[in-house]
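> Next input, structure requested:
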Amino acid sequence: MSELEAPLGREGPHHGDWQYSLYLRGMAGDAPAHATAWDELERSAAAALAPEPQGYVWGGAGTGDTMRANLDAFRRWRLVPRMLRDISSRSLATTLLGTELPAPVLLAPVGVQTIVHPDGELASARGAAELGVPVVASTAADRSLEQIAEAAGDAPRWYQLYWPKDDAITASLVRRAEAAGYGALVVTLDTIELAWRPVDLAHGYLPFLQGTGLAQFTSDPAFRAALDRPPEEDVPAAVGHWAQVVNRVVTWEDLAELRSLTSLPILLKGILHPDDARKAQRRGIDGVIVSNHGGRQVDGAIAALDALPAIAEAAGDDMTVLFDSGIRSGADVVKALALGADAVLLGRPYLWGLALDGASGVETVLRMLLAELDLTLALCGHARPAEATRDAVVRSDQM
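Numbers count the residues shown, from 1 in each chain. Model prediction:
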């Protein structure tokens with residue numbers, strides 16, 4: 001190792017030091033395998049996919065207005081760097097629901113990842129595990145929650161629940177998540193119906209109808225018990241039964257039923273109004289995730305970032321507040337933290353890495369994000385994520 005590489009190389013004390021390994025490799029004529037600019041990485045990933053999966057990943061509800069609003073909201077908020085602060089010793093580490101994490105970042109629950117890469121959710125879990133970043137495994141995954149847990153190794157993991165209509169299946173999924181070492185349940189609330197998605201409709205493309213993304217159900221004993229033949233022998237029958245039992249309409253009163261099934265922390269994903277955060281708090285829910293499903297469910301909805309400050313204020317210090325929908329850079333993470341999030345869930349960008357290079361691509365995307373997060377915090381005068389408070393940002397229209 002050279003004198004330059006020792007203090008500035010990949011094994012440096014800060015995530016941002018990883019950039020110097022790229023400089024050193026570039027000096028040796030070894031250019032990065034993938035783009036280091038987020039927009040270029042996105043374009044490369046889109047070009048790597050066939051039109052149908054590309055449309056599924058990049059598409060949204062209706063006109064795409066909510067997706068655009070998510071991105072525009074981040075541009076309205078501007079960071080306010082502070083000077084003459086000691087950031088020589090810093091850390092991204094944080095604690096979430098009693099679990100220590102290397103950074104305030106998790107992989108959002110994204111289903112049917114095998115349409116992006118053959119290894120699907122297993123590759124994402126392996127890539128995240130290289131950095132100890134938690135993965136939130138989806139009910140709509142194409143690999144079982146046990147397989148995802150094995151791929152995640154010792155890294156923390158949560159399980160995202162689309163609440164089935166069949167109580168036996170619900171109880172079975174929760175028991176399996178507990179047994180496989182998942183540390184929390186994330187209940188997604190905003191997908192009781194699929195939104196009008198023009199791109200998927202134009203392609204006639206819904207992976208679930210082909211049997212993709214049903215692994216949590218087809219591997220579940222309660223689901224299999226209701227079938228005349230195993231799903232491996234009769235895929236259409238399994239798909240038909242899945243369509244009958246998936247996504248129960250739940251109300252506030254139903255949350256007590258879920259709480260009776262588990263002692264795991266429960267978070268509600270899809271919260272966009274502060275009154276809903278208050279209702280969740282009164283019912284003993286451990287956390288909320290401010291999210292509009294990345295613009296995939298309601299066209300013309302409020303941008304998730306615009307909803308975040310009021311929800312964080314309503315939640316106070318007694319409830320964990322997470323954020324997703326629109327994170328595209330380390331600077332975006334800082335803005336979300338400053339506006340009240342305890343951590344963020346990264347969605348589409350890690351699928352770009354998955355599409356390009358499987359587990360290694362996911363790891364690279366996370367290294368990029370954590371390096372940029374570390375550097376942005378430091379250059380704004382913050383040594384820890386918790387130091388990025390409300391005065392770290394200002395709205396551009398209020399300057």
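> Helix or strand: which one has residue 257?
Applying DSSP states H and E as the criterion places residue 257 in helix 255-261.
> what does that helix rub up against?
For helix 255-261, the surrounding residues in contact (Cβ atoms under 8 Å, 6 or more residues apart in numbering) are 163, 170-171, 174-175, 185, 187, 266, 280, 283-285. Just so you know, the C-beta spots here come from the backbone N, C-alpha and C atoms, and that holds for glycine as well.
> Give the buried residues for it.
Using 16 or more other Cβ atoms under 10 Å as the burial criterion, the residues of helix 255-261 that qualify are 255, 258, 261.
> quick check, distance from it to the centre of its chain.
On the basis of Cα atoms, centre = their mean, to the nearest Å, helix 255-261 sits 24 Å off its chain's mean C-alpha point.
> can you give me the offset of the following helix or strand past that helix from its chain's centre?
Per DSSP H and E, the first helix or strand lying C-terminal to helix 255-261 is strand 266-271. Centroid separation for strand 266-271 versus its chain: 13 Å, with Cα atoms, centre = their mean.
> Packing partners of the following helix or strand past strand 266-271?
From strand 266-271 onward toward the C-terminus, using DSSP H and E, the following helix or strand is helix 274-282. Packed against helix 274-282 by the contact rule (3 or more Cβ pairs under 8 Å, 6 or more residues apart in numbering; DSSP states H and E) you find strand 266-271, strand 287-290, helix 304-315.
> Contacts for helix 274-282, please.
By Cβ under 8 Å, 6+ apart, the list of residues contacting helix 274-282 reads 252, 255, 268, 271, 288, 310-311, 313-316, 318-319, 321.
> hmm, try it at 7 Å
Applying Cβ atoms under 7 Å, 6 or more residues apart in numbering, the contact partners of helix 274-282 are 252, 268, 271, 288, 310-311, 314-315, 318-319.
> Likewise for stretch 239-248?
Contacts of stretch 239-248 (Cβ under 7 Å, 6+ apart): 162-166, 169, 191-192, 209, 211, 214, 217, 226-227.
> Could you identify the buried members of those residues?
Among those, those scoring as buried are 162-164, 166, 169, 191, 211, 214, 217 (criterion: 16+ other Cβ under 10 Å).
> of these, closest to residue 45?
residue 191 (23.7 Å; Cβ to Cβ).
> Make sure that closest one is indeed in a strand.
No - applying DSSP: H, G, I helix; E, B strand; the rest coil, one finds residue 191 to be coil, outside a strand.
> Go ahead and confirm it touches residue 297.
Yes - contact criterion Cβ atoms under 7 Å: residue 191 and residue 297 qualify, at 6.2 Å.
> pLDDT on the longest helix that the chain contains, on average?
Longest helix of the chain, by residue count under DSSP state H: helix 348-379. Throughout helix 348-379, pLDDT has a mean value of 98.
> Give me every residue in contact with the helix or strand following it, excluding its own residues.
The first helix or strand that comes after helix 348-379 along the chain, using DSSP H and E, is strand 393-395. Strand 393-395 is contacted from outside by 76-80, 335, 338-339, using Cβ under 7 Å, 6+ apart.
> Compare these and tell me which has the most neighbours.
Most neighbours among the contacts of strand 393-395, by other Cβ atoms under 10 Å: residue 335, with 27 neighbours.
> so that one makes contact with residue 74?
Yes - at 6.0 Å, residue 335 and residue 74 qualify as touching, with contact defined as Cβ under 7 Å.
> any idea how far residue 195 is from residue 293?
Noted for residue 293: a distance of 8 Å to residue 195, by Cβ to Cβ, to the nearest Å.
> Need the distance between the two termini of stretch 245-259.
From its first residue to its last, stretch 245-259 covers 20 Å (Cα to Cα, to the nearest Å).
> Averaged pLDDT, that stretch. What do you get?
Stretch 245-259 comes out at a mean pLDDT of 96.
> next one: that stretch to chain centre, how far?
Distance of stretch 245-259 from the chain centroid (Cα atoms, centre = their mean) equals 22 Å.
> And for stretch 290-304?
Stretch 290-304 has its C-alpha centroid displaced from the chain centroid by 14 Å (Cα atoms, centre = their mean).
> In it, which of the residues would be classed as buried?
Buried residues in stretch 290-304, counted by 16+ other Cβ under 10 Å: 290-299, 301, 303-304.
> quick one on the thing from earlier: tell me how far the longest helix of the chain is from the chain's mean position?
13 Å.
> What helices and strands are in contact with that helix?
The elements that helix 348-379 packs onto, with contact taken as 3 or more Cβ pairs under 7 Å, 6 or more residues apart in numbering; DSSP states H and E, are helix 18-27, helix 38-48, strand 105-107, helix 120-129, helix 330-338.
> for the last one, packing partners?
Contact analysis of helix 330-338 by 3+ Cβ pairs under 7 Å, 6+ apart lists strand 77-79, helix 348-379 as its packing neighbours.
> what's the residue nearest the centre of the chain sitting at in phi/psi?
The residue lying closest to the centre of the chain (Cα atoms, centre = their mean) is residue 108, at 1.4 Å. Main-chain torsions, residue 108, degrees, to the nearest 10: phi -60, psi 150.
> Surely residue 187 is within a helix?
No - secondary structure of residue 187 (three-state DSSP): strand, not part of a helix.
> quick one: it and residue 22, what's the gap?
40 Å.
> These two: who's more crowded?
Higher neighbour count among residue 187 and residue 22: residue 187, with 21 against 17, using other Cβ under 10 Å.
> confidence score at the more buried one?
As predicted, residue 187 sits at a pLDDT of 98.
> Could I get the helices and strands packed on helix 274-282 in CSV, plus columns for mean pLDDT?
Shown next, in CSV, are those (pLDDT from 0 to 100):
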stretch, mean pLDDT
strand 266-271, 98
strand 287-290, 98
helix 304-315, 98
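> now these in CSV, with distance to residue 131?
Below are those laid out as CSV (distance: least, Cβ to Cβ, whole Å):
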stretch, distance to residue 131
strand 266-271, 22
strand 287-290, 21
helix 304-315, 24
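> Please identify the deepest-packed of these.
Most buried of the helices and strands packed on helix 274-282, by mean neighbour count (mean count of other Cβ atoms under 10 Å): strand 287-290, with a mean of 28.
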